[in-house]
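J.: Can you look at this prediction? I've put the sequence above it.
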Amino acid sequence: YLVTMKPLDAQIRTANPHLSAWVAALICYPPFILMGGGDVLDYHYNGAEWPFWLQGHDVLLWVWAGALVFALLAAIQDGRTRRILVPGFYEQVRELTPRERRLLDDIPITDEAGLFLTGVPALGGEPEYALKERISWRPTFEVHGIIGGYTGEGTKTVIPARAAAKISFRLVPDQRAADIYALLEDYLHQIAPPTVRLTVKPLGLADPATVNPDAAIMLAAQKAFMDGFGAAVRFVRGGGTLPILATLQQHVHPDAVCTGFGLPDDNEHAPNESLALSQFRRGIEMAVHFFQHFKWNGGYIRGPKGGV
């Protein structure tokens with residue numbers, strides 16, 4: 001059986017196996033016992049079947065691990081409203097101030113532009129919010145990868161023993177990464193069936209951060225952008241992963257400049273990511289003007305804990 005199993009298994013599990021493969025497989029598969037009057041073949045389950053060969057290994061015979069992962073991920077977000085279903089997730093999400101709303105309204109981001117840049121048939125996210133609201137002050141949930149089961153060529157009707165997924169949440173001001181992780185872990189353990197062992201591991205925790213647009217360092221940056229690019233700046237919140245910003249604000253100084261010089265069609269983080277040389281050169285010019293406008297003095301840059 002061990003010698004003939006591999007090639008025969010490949011034949012008997014195809015959609016159109018050869019007749020000879022069927023016959024050979026029936027002969028070589030685990031024992032068939034003649035039952036009753038000799039006219040019925042019954043499979044002897046307690047013989048040398050897959051549980052026998054895999055005994056001692058952590059194999060889930062009754063749960064399809066990949067399907068379970070999909071079910072858990074689907075339970076994190078409502079498929080229609082796109083609201084995150086983790087209890088307590090939105091408790092620290094605050095509404096925009098009137099000034100923040102005016103700043104957001106001034107940003108020339110439209111749903112039509114999002115459709116054009118992404119090429120998707122429809123935009124995801126909470127439908128009651130415009131695109132620039134979804135990508136700026138609303139928290140989001142992302143699935144980055146799913147691992148589990150047989151992914152090679154052809155078909156193989158195996159039951160995967162393990163499955164995993166990598167996910168993240170983009171948080172907004174007043175939310176704390178450690179609190180959200182605790183809420184998520186508790187929620188997933190509550191909804192996971194008792195037939196599996198679930199492990200939730202934090203791969204990184206980064207708190208959201210905002211900067212004061214009226215700070216002296218920001219005023220210097222505004223003037224520098226005007227000198228380097230010939231255009232006034234607009235303030236916008238942006239989703240991303242920049243853990244160092246919150247760390248710098250906590251240990252060095254709460255005021256900081258967080259900006260970039262890329263364009264919407266640069267395909268950030270993609271294999272064909274790019275940066276226009278004109279933006280690169282103007283960015284250098286802006287940086288030179290920034291240091292000229294900003295008055296470096298020990299009283300300003302010295303942080304609350306003495307860092308410089």
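T.: Arrived safely.

J.: The helix or strand containing Ala221: what's the following helix or strand?
T.: In the assignment (DSSP states H and E), Ala221 maps to helix 216-229. Sequence-wise, the next helix or strand beyond helix 216-229 is helix 243-251, with elements assigned using DSSP H and E.

J.: What helices and strands are in contact with the helix holding Ala221?
T.: helix 277-293 (3 or more CB pairs under 8 Å, 6 or more residues apart in numbering; DSSP states H and E). Any C-beta I mention is one placed from the backbone N, CA and C, and that applies to glycine too.

J.: quick revisit: buried ones in the helix holding Ala221?
T.: 217-218, 220-225, 227-229 (16 or more other CB atoms under 10 Å).

J.: Over to stretch 91-110?
T.: Buried, per 16+ other CB under 10 Å, within stretch 91-110: 100, 103-104, 109.

J.: got it, and stretch 136-149?
T.: 136-141, 148-149.

J.: Show me those residues that map onto strands.
T.: 140-141, 148 (DSSP state E).

J.: OK, contacts around the closest residue to Leu198 other than its chain neighbours?
T.: Taking CB to CB, 6 or more residues apart in numbering, and ignoring the residues beside it in sequence, Leu198 has Ala192 as its nearest neighbour in space, at 4.4 Å. When contacts are counted by CB atoms under 8 Å, 6 or more residues apart in numbering, Ala192 touches 68, 72, 198.

J.: what's the answer for Glu100, then?
T.: Trp137.

J.: Which strand or helix spans it?
T.: Per DSSP H and E: helix 98-105 holds Glu100.

J.: burial count for Pro202?
T.: 11 (other CB atoms under 10 Å).

J.: Pretty sure Ile180 is one of the things it touches, is it not?
T.: No. Assessed by CB atoms under 8 Å, Pro202 is found out of contact with Ile180, at 10.1 Å.

J.: On the three-state scheme, the closest residue to Leu184 other than its chain neighbours is what?
T.: Sequence neighbours aside, Val86 is the residue nearest to Leu184 in space, at 5.5 Å (criterion: CB to CB, 6+ apart). Here Val86 is recorded as coil under DSSP: H, G, I helix; E, B strand; the rest coil.

J.: What about Val86, how many residues nearby?
T.: Neighbour number of Val86 under other CB under 10 Å is 19.

J.: tell me the contacts of it?
T.: Counted by CB under 8 Å, 6+ apart, Val86 has contacts 76, 180, 183-184, 187.

J.: Kindly recompute the last result at 7 Å.
T.: 76, 183-184, 187 (CB atoms under 7 Å, 6 or more residues apart in numbering).

J.: Name the nearest of those relative to Lys156.
T.: For the contacts of Val86, the minimum distance to Lys156 (CB to CB) is 29.0 Å, reached by Ile76.

J.: That closest one and Pro193: what is the separation?
T.: 16 Å (CB to CB, to the nearest Å).

J.: May I ask you to confirm that His189 is in contact with Thr199?
T.: No. With contact defined as CB atoms under 7 Å, His189 and Thr199 do not form a contacting pair (9.9 Å).

J.: ok so, going back, quick check, nearest of the buried residues of helix 216-229 to Pro271?
T.: Phe229 (28.1 Å).

J.: In contact with that closest one, which residues?
T.: Phe229 neighbours (CB under 7 Å, 6+ apart): 282, 286.

J.: try it again with 10 Å
T.: Contacts for Phe229 (CB atoms under 10 Å, 6 or more residues apart in numbering) come out as 261, 278-279, 282-283, 285-286, 289.

J.: got these as a markdown table, with pLDDT columns?
T.: Listed next are those as a markdown table, based on pLDDT from 0 to 100:
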| residue | pLDDT |
| --- | --- |
| Phe261 | 89 |
| Ser278 | 94 |
| Gln279 | 94 |
| Arg282 | 95 |
| Gly283 | 94 |
| Glu285 | 94 |
| Met286 | 94 |
| His289 | 91 |
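
J.: what two of these are the furthest from one another?
T.: Ser278 and His289, at 16.6 Å, using CB to CB across the contacts of Phe229.

J.: residue boundaries of the helices in the stretch 51-200 of the chain?
T.: 65-74, 98-105, 111-118, 131-134, 177-191 (DSSP state H, counting those that start in this stretch).

J.: Next, the angle helix 177-191 makes with the first one.
T.: This means helix 65-74. Helix 65-74 and helix 177-191 are oriented at 130 degrees to each other (axes from the mean of the first three to the mean of the last three CA atoms, to 10 degrees).

J.: Can you say which of the helices of the stretch 51-200 of the chain is packed in most?
T.: Most buried of these by mean neighbour count (mean count of other CB atoms under 10 Å) is helix 131-134; its value is a mean of 19.
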